[in-house]
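K.L.:
I'll drop the sequence and a predicted model, then ask my questions.
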Amino acid sequence: MAIADTSSVPTTHEQWQKAYGLTPELKERYVTLSDVEIDPLYVPKDGPVPPEIGYPGQYPFTRGVYPNMYRGRMWTMRQFAGFGTAEETNERFRYLLDHGQTGLSTAFDMPSLMGHDSDHALSLGEVGREGVAIDTVDDMETLFQGIDLGKVSVSMTINAPAAIMLANYIVAGERQGVPPEALNGTIQADILKEYIAQKEWCFPIDPAMRLLGDMIEYSTLKMPKWNSVSVSGYHIREAGATAAQELAFTLKDGLTYVEQAVERGLDVDTFAPRLSFFFNAQIDFFEEIAKYRAARRIWARELRETFGAKNPKSWLMRFHTQTAGVSLTAQQPLNNCARTAIEALAGVLGGTQSLHTNSHDEALALPTEDAVRIALRTQQIIAHETGVTNTIDPLGGSWFVEQLTDQIEAQAYEYFAKIDELGGMVEAVKQNYPQREIADASYELQGEIDNGRRIVVGVNAYTEGNENDDMVIHRVDPALERKQLDRLQTAKANRDSAAVEACLTELKRASATDGENLMFPLIEAARAHVSEGEIIQAMQEVWGDYRETPVF
């Protein structure tokens, strides 16, 4: 889907109709359930389009980042998957691709997320349980066996050890004959969000920020198709934040990463087009749509006016959406199909670029194949049956939606001002400011559920029938943990020990040296089959670990 240069973007509805109107070919494609002809875009009949709303693909992008949105190309249906060893997840990836998924999204197990090898004492009982276990480049290569990394778009949800996983992915691509510049996808790598909400870290905040900066710099120079960081509000929202808090803290994290990259000497227009975002789709339908609209507007304004970005692509907030895991209930779990459909529709009407729909059984266990298929079919029904993709931004101009967008935007700027008073986002995180705000919001929300002010169907109201739920759930075979331990032992036994030691020595030296980009020694370590845990331990010898001050 082409991004129009701002000089060629229509400024009147007549110009818009001429540029993006329904051709006879498109009329054949957009079949509706009525005889009413659907226009590609709706605008006021009695006056100009307000500048704060504008046109899709035009600053401030309130109505979408692309001129023709889903009329040009559907969002990417990117279902999150990962469990057991690389073989099991590879099989699930192939299943999803065979059933119409258009992008891969990788879930890692808890040891991998925390920087531990599968044979670490703290990994016992957790290997492959909540995602796939990846210890070395051999696992990464197996994970994508038979999947052309030069053609598929891959997302990896990992943060503190993200640079290590990216190095493994680069080397896995090399083994397929795919160079770094041809790799297409996203790695989350949003480290500030970890200290705020998800609590998976390996290093103190300052060196962790350096490592992220190294990734952004390397990706800018070597990986033009790669999104070097996916700034994540999802986990902030899952921790109990309000929509305004999710928006404010996520955007401030992203703006902090931009500031750091600029301070390194990078031109903002060389890396900003490859930044992406990851938002939650909660159950309050219109609030979520307004949140996405406000997010695009704020990001465009800040990149253009605060950071002086001149390339219109730098102003675009492209984002992935996942329906709210925290909204799923173990009680009457089939109700989650309805919740997920509503949340997914909010993401679509909000203009998401890719979407994951949760499976109805995820409050109980990892999803079964049947549940995953229903979740994917939910997206396909929205895309092909509802008609919401026939016109661009169907809700744009709604008095309710536009006012809600303005209100959420204003709340975000109030948080920006408070964070700036504390010295910026890094300092605010060190002082536990966003952590306290989220804790308070979460406490208030749970209180409303407990006292019945907020109804959750099947949980605190309409509970008849709960005792009759009898679901088949997916269980990870405990034998897979032993299988992964054997794989790791074999990988360590078959590698060149001298090369491993040389890589770790070089990595420690580079970690202790300001100004050296750590991606280069990390890639060499991946080539030498150095494990994730060995790399983390070596860097912790230089940087130390992190301990959080509890916030209640």
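P.N.:
That came through, no problem.
K.L.:
now the most centrally placed residue in the chain. Nearest residue, chain neighbours left out?
P.N.:
In the chain, the residue lying closest to the centroid (C-alpha atoms, centre = their mean) is F278, at 3.4 Å. Spatial nearest neighbour of F278, excluding adjacent residues (C-beta to C-beta, 6 or more residues apart in numbering): S232 at 4.3 Å. Every C-beta, even on glycine, is put in place using the N, C-alpha and C of the backbone.
K.L.:
which residues touch that neighbour?
P.N.:
For S232, the contacting residues are Q188, D190, K193, T250, F277, F278, by C-beta atoms under 8 Å, 6 or more residues apart in numbering.
K.L.:
burial count for the fourth one?
P.N.:
Counted with other C-beta atoms under 10 Å, residues neighbouring T250 total 31.
K.L.:
point me to the helix or strand that includes it.
P.N.:
helix 243-263 (DSSP states H and E).
K.L.:
could you do the last one as well?
P.N.:
Using DSSP H and E, the secondary-structure element containing F278 is strand 275-281.
K.L.:
quick one: name whatever helix or strand follows that strand.
P.N.:
helix 285-301.
K.L.:
that next one to helix 243-263, inter-axis angle?
P.N.:
Using axes from the mean of the first three to the mean of the last three C-alpha atoms, to 10 degrees, the inter-axis angle of helix 285-301 relative to helix 243-263 is 20 degrees.
K.L.:
can you list contacts of the helix or strand just after helix 285-301?
P.N.:
Counting by DSSP H and E, the next helix or strand C-terminal to helix 285-301 is strand 319-323. By C-beta under 8 Å, 6+ apart, the surrounding residues in contact with strand 319-323 are 78, 80, 155, 186, 230, 234, 276-281, 292, 295, 339-340, 343-344, 347, 350, 352-358.
K.L.:
go again using 6 Å as the cut-off
P.N.:
234, 277-279, 281, 340, 343-344, 347, 352, 354-358 (C-beta atoms under 6 Å, 6 or more residues apart in numbering).
K.L.:
for the stretch 51-200 of the chain, what spans make up the strands?
P.N.:
Ranges of strands within the stretch 51-200 of the chain are 76-81, 103-107, 154-157, 185-187, based on DSSP state E, counting those that start in this stretch.
K.L.:
related to what we said a few turns ago, and which of the contacts of S232 is nearest S123?
P.N.:
Nearest to S123, judged by C-beta to C-beta, of the contacts of S232 is Q188 at 21.0 Å.
K.L.:
next, the contact list for that closest one, please.
P.N.:
Contacts of Q188 by C-beta under 6 Å, 6+ apart are T157, N159, S230, S232.
K.L.:
and for the second one, the neighbour number?
P.N.:
Think N159. Neighbours around N159, by other C-beta under 10 Å: 28.
K.L.:
if we ignore the residues flanking it in sequence, what's nearest it?
P.N.:
Using C-beta to C-beta, 6+ apart, the nearest residue to N159 is E194, at 5.0 Å.
K.L.:
what residues are up against that neighbour?
P.N.:
With contact set as C-beta under 6 Å, 6+ apart, E194 has these partners: N159, E200, W201.
K.L.:
same check, this time on T340
P.N.:
T323, T357, N358.
K.L.:
so L355 belongs to a strand, correct?
P.N.:
Yes - per DSSP: H, G, I helix; E, B strand; the rest coil, L355 lies within a strand segment.
K.L.:
wait, it touches L349, no?
P.N.:
No - L355 is not in contact with L349 according to C-beta atoms under 6 Å; the separation is 11.5 Å.
K.L.:
with neighbour numbers in mind, choose between these two.
P.N.:
L355 (26 against 22).
K.L.:
return the distance of that one relative to K310.
P.N.:
31 Å (C-beta to C-beta, to the nearest Å).
K.L.:
which stretches in the stretch 301-450 of the chain count as helices?
P.N.:
Using DSSP state H, counting those that start in this stretch, the helices found in the stretch 301-450 of the chain span residues 335-349, 369-384, 399-421, 425-430, 433-450.
K.L.:
of the ones you listed, which stretch is the most buried?
P.N.:
Stretch with highest mean neighbour count among the helices of the stretch 301-450 of the chain: helix 335-349 (a mean of 22; mean count of other C-beta atoms under 10 Å).
K.L.:
direction-wise, compare that helix with helix 285-301 and give the angle.
P.N.:
Using the same axes, to 10 degrees: helix 335-349 against helix 285-301 is 40 degrees.
K.L.:
what mean pLDDT does helix 335-349 have?
P.N.:
Helix 335-349 carries an average pLDDT of 98.
K.L.:
okay, the angle between it and strand 275-281?
P.N.:
Using the same axes, to 10 degrees, helix 335-349 lies at 140 degrees relative to strand 275-281.
K.L.:
for the contacts of E194, give me a markdown table that also has distance to R436.
P.N.:
Formatted as a markdown table, these follow (distance: C-beta to C-beta, whole Å):
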| residue | distance to R436 |
| --- | --- |
| N159 | 21 |
| E200 | 20 |
| W201 | 18 |
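K.L.:
and of these, the nearest to V127?
P.N.:
Distances from V127 to the contacts of E194, taken by C-beta to C-beta, are shortest for E200, at 15.9 Å.
K.L.:
neighbours of that closest one, just the number please.
P.N.:
20.
K.L.:
so what pLDDT did the closest residue to it other than its chain neighbours get?
P.N.:
Closest residue to E200 apart from its sequence neighbours, by C-beta to C-beta, 6+ apart: L113 at 4.8 Å. Looking at L113, its pLDDT stands at 96.
K.L.:
same question, F61
P.N.:
Taking F61 on its own, its pLDDT is 97.
K.L.:
again with V9
P.N.:
pLDDT, V9: 55.
K.L.:
then the one 10 residues further on?
P.N.:
Looking at A19, its pLDDT is 66.
K.L.:
hmm, who's touching stretch 439-459?
P.N.:
G240, A241, T242, T329, Q331, Q332, N335, N460, A461, V551.
K.L.:
so which of these wins on neighbours?
P.N.:
A241 (28 neighbours).
K.L.:
measure that one to G351 for me?
P.N.:
21 Å.
K.L.:
distance between the helix holding T250 and the chain's centre?
P.N.:
14 Å (C-alpha atoms, centre = their mean, to the nearest Å).
K.L.:
buried ones in that helix?
P.N.:
243-262 (16 or more other C-beta atoms under 10 Å).
K.L.:
report all helices and strands that it contacts.
P.N.:
strand 229-232, helix 234-238, helix 285-301, helix 399-421 (3 or more C-beta pairs under 6 Å, 6 or more residues apart in numbering; DSSP states H and E).
K.L.:
and of these, who's closest to S531?
P.N.:
Among those, strand 229-232 sits nearest to S531 (C-beta to C-beta), with 24.1 Å.
K.L.:
mean confidence score for the closest one?
P.N.:
Strand 229-232 shows a mean pLDDT of 94.
K.L.:
sheet partners, orientation included, of that strand?
P.N.:
The pairing partners recorded for strand 229-232 under DSSP bridges are strand 275-281 (parallel).
K.L.:
what's the local residue count around K222?
P.N.:
Using other C-beta under 10 Å, K222 has 16 neighbouring residues.
K.L.:
got a list of what the residue lying closest to it once chain neighbours are set aside touches?
P.N.:
The shortest distance from K222 to any non-neighbouring residue, by C-beta to C-beta, 6+ apart, is to P180 (4.9 Å). Contacts here follow C-beta under 6 Å, 6+ apart; on that basis P180 touches I170, K222, M223.
K.L.:
many thanks, I have nothing further to ask.
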